[in-house]
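**Q** This is the structure alone, sequence omitted:
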């Protein structure tokens, strides 16, 4: 049976497509095990292909590099406001904690976006690089010390997932008692599982409590600064910007650390071990940002009106996602020069256009520090399983191993 054209009409703004053709699902173990195989098959549909991102929720996914760049920069044709699309999505859909409207820079256009974006940018600008590196190094050393004497560890659960949270919690003034709730809130919403809505609601509750406290008792932290910013954010706006910064900063940074460590541990130049230093932290990060970016599919946009984009008809309010992973790998033959690929001027891992990731530098600094700390202290790290045995996190939006089991020579912690 020939599938309908990628942009073929369905219900007016709903993501549900009543059709005998079942688009490939970007969730579940099959997709997690072989996302690039899915992307190759999607390219047969053209620059945009129909996908299913949750039960009953379909989208168009941009897999072509040039089409992705064009969409990310075209604010005349596309909006970031999801409310027209969202009206046709079940309220309990597991993707709404990531894609559902909130008053933040991510879901706004024009002057509203500018107001929120300036508040976010100015807040993140206070993260002085030398202090951020010091926070990250201190956290890294503390986490490494919890398992360095055992000879085994899980570099996701015991390290990569904890470090960005510790740094962001310290910067925003989150109480240590709330750190665990913050971690589960961010991870739960990104996995798009059945508990995603509850996870996001608890994340919001933690941040709302923090904002309420800082209104009464200001501190020396980013939350206090954001509340005093000339943008004049009300409590809900402040809560939503902070949850955006933490969720968009924590999980992708966790994934970047984990993916880069996996890339280094899988590199044949190491012989399965980090000993010898065949690949630097920055080289591993660059490889990951090109081939397996931490946010694989995101960049949600919605046509402002019925239109045609790269030969594909689109309906007003229809969900269009960008596959940063597919676009990057599709473009690799055109940017095969190592001098070009050694930087980030061409890949789309940080997105592009007016909604380009504002936390790029803090994320890179945390990831570099985390990788340098653990590879210098546990220099004979090696994978404890074959890479083919790793389990990848489910969900349509990110690309990251769920666990990264390793072994190494135990460190003598006694003086």
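**A** All right, it came through fine. Worth saying up front: this structure is predicted, and the values here are computed from it rather than measured. Numbering: from 1, shown residues only.
**Q** Which residue is the nearest non-sequential neighbour of residue 160?
**A** residue 257 (4.0 Å; Cβ to Cβ, 6 or more residues apart in numbering). Yep, even glycine has a C-beta here, placed from its N, CA and C like the rest.
**Q** what sits against that neighbour?
**A** Contacts for residue 257 (Cβ atoms under 8 Å, 6 or more residues apart in numbering) come out as 159, 160, 163, 164, 366, 367, 370, 371.
**Q** same thing with residue 51?
**A** Residues in contact with residue 51 (Cβ under 8 Å, 6+ apart) are 23, 24, 25, 26, 42, 58, 59, 60, 61, 321, 396.
**Q** Could you do residue 383 as well?
**A** Residue 383 touches 262, 265, 266, 272, 404, 405, 406, counting by Cβ under 8 Å, 6+ apart.
**Q** Quick one: buried ones out of the residues you listed?
**A** 262, 265, 404, 405, 406 (16 or more other Cβ atoms under 10 Å).
**Q** quick one: which of those residues is nearest residue 141?
**A** residue 406 (17.3 Å; Cβ to Cβ).
**Q** helix or strand for the closest one, which one?
**A** strand 405-407 (DSSP states H and E).
**Q** From the contact counts, what lies against that strand?
**A** strand 152-154, strand 382-383 (3 or more Cβ pairs under 8 Å, 6 or more residues apart in numbering; DSSP states H and E).
**Q** Can you say which helix or strand has residue 188 in it?
**A** Per DSSP H and E: helix 179-191 holds residue 188.
**Q** Okay, now the unreliable bits of the stretch 101-250 of the chain?
**A** 190-194 (pLDDT under 70).
**Q** All the helices of it, residue numbers only.
**A** For the stretch 101-250 of the chain, applying DSSP state H, counting those that start in this stretch gives helices covering 110-124, 129-145, 163-172, 179-191, 196-216, 222-228, 235-266.
**Q** Tell me which of the ones you listed lies nearest to residue 412.
**A** Taking Cβ to Cβ, helix 129-145 is the member of the helices of the stretch 101-250 of the chain nearest to residue 412, at 12.3 Å.
**Q** Contacts made by the helix holding residue 188 with the rest, please.
**A** Against helix 179-191 from outside (Cβ under 8 Å, 6+ apart): 97-98, 161-162, 165-166, 169, 174, 195-196, 198-200, 202-206, 246-247, 250-251, 393-395, 397-398.
**Q** now with 6 Å?
**A** Outside helix 179-191, the residues that touch it by Cβ atoms under 6 Å, 6 or more residues apart in numbering are 97, 165, 169, 195-196, 199-200, 202-203, 206, 247, 250-251, 394-395, 398.
**Q** Give me the buried entries from the contacts of residue 257.
**A** Using 16+ other Cβ under 10 Å, the buried ones in those are 159, 160, 163, 164, 366, 367, 370, 371.
**Q** on that earlier part again, just how off-centre is the helix holding residue 188 within its chain?
**A** 13 Å (Cα atoms, centre = their mean, to the nearest Å).
**Q** Likewise for stretch 366-377?
**A** The answer for stretch 366-377 is 20 Å, by Cα atoms, centre = their mean.
**Q** in stretch 66-77, what counts as buried?
**A** 67, 68, 69, 70, 71, 72, 75, 77.
**Q** try stretch 137-144
**A** Per 16+ other Cβ under 10 Å, stretch 137-144 contains these buried residues: 137, 139, 140, 143, 144.
**Q** hang on, the second one packs against residue 164?
**A** In this case it means residue 139. No. Counting by Cβ atoms under 6 Å, residue 139 does not reach residue 164; the two are 8.8 Å apart.
**Q** quick one on the thing from earlier: closest to residue 106 among the contacts of residue 51?
**A** residue 321 (13.5 Å).
**Q** Relative to residue 36, how far out is the closest one?
**A** 16 Å (Cβ to Cβ, to the nearest Å).
**Q** Who has more neighbours out of the two?
**A** residue 321 (24 against 14; other Cβ atoms under 10 Å).
**Q** Sticking with that one, tell me its helix or strand.
**A** strand 320-323.
**Q** partners of that strand, with directions?
**A** The pairing partners recorded for strand 320-323 under DSSP bridges are strand 57-62 (parallel), strand 297-303 (antiparallel).
**Q** Give the next helix or strand downstream of it.
**A** Downstream of strand 320-323 (by DSSP H and E), the next one is helix 324-331.
**Q** on contacts alone, who are the packing partners of that following helix?
**A** Judged by 3 or more Cβ pairs under 6 Å, 6 or more residues apart in numbering; DSSP states H and E, helix 324-331 is in contact with helix 65-73.
**Q** for the helix it packs on, packing partners?
**A** helix 324-331.
**Q** chain center to the helix it packs on: distance?
**A** The answer for helix 324-331 is 16 Å, by Cα atoms, centre = their mean.
**Q** angle of it against strand 297-303?
**A** 100 degrees (axes from the mean of the first three to the mean of the last three Cα atoms, to 10 degrees).
**Q** got the angle for helix 324-331 vs helix 65-73?
**A** Using the same axes, to 10 degrees: helix 324-331 against helix 65-73 is 140 degrees.
**Q** how about low-confidence regions in the stretch 251-400 of the chain?
**A** 268-278, 331-345.
**Q** residue boundaries of the helices in the stretch 251-400 of the chain?
**A** Under DSSP H, counting those that start in this stretch, the stretch 251-400 of the chain gives helices at 281-291, 324-331, 338-341, 360-377.
**Q** what about the longest one, distance to the chain center?
**A** By that I understand helix 360-377. For helix 360-377, the distance to the chain centre is 17 Å (Cα atoms, centre = their mean).
**Q** ditto for stretch 128-143
**A** Counting by Cα atoms, centre = their mean, stretch 128-143 comes out at 21 Å from the chain centroid.
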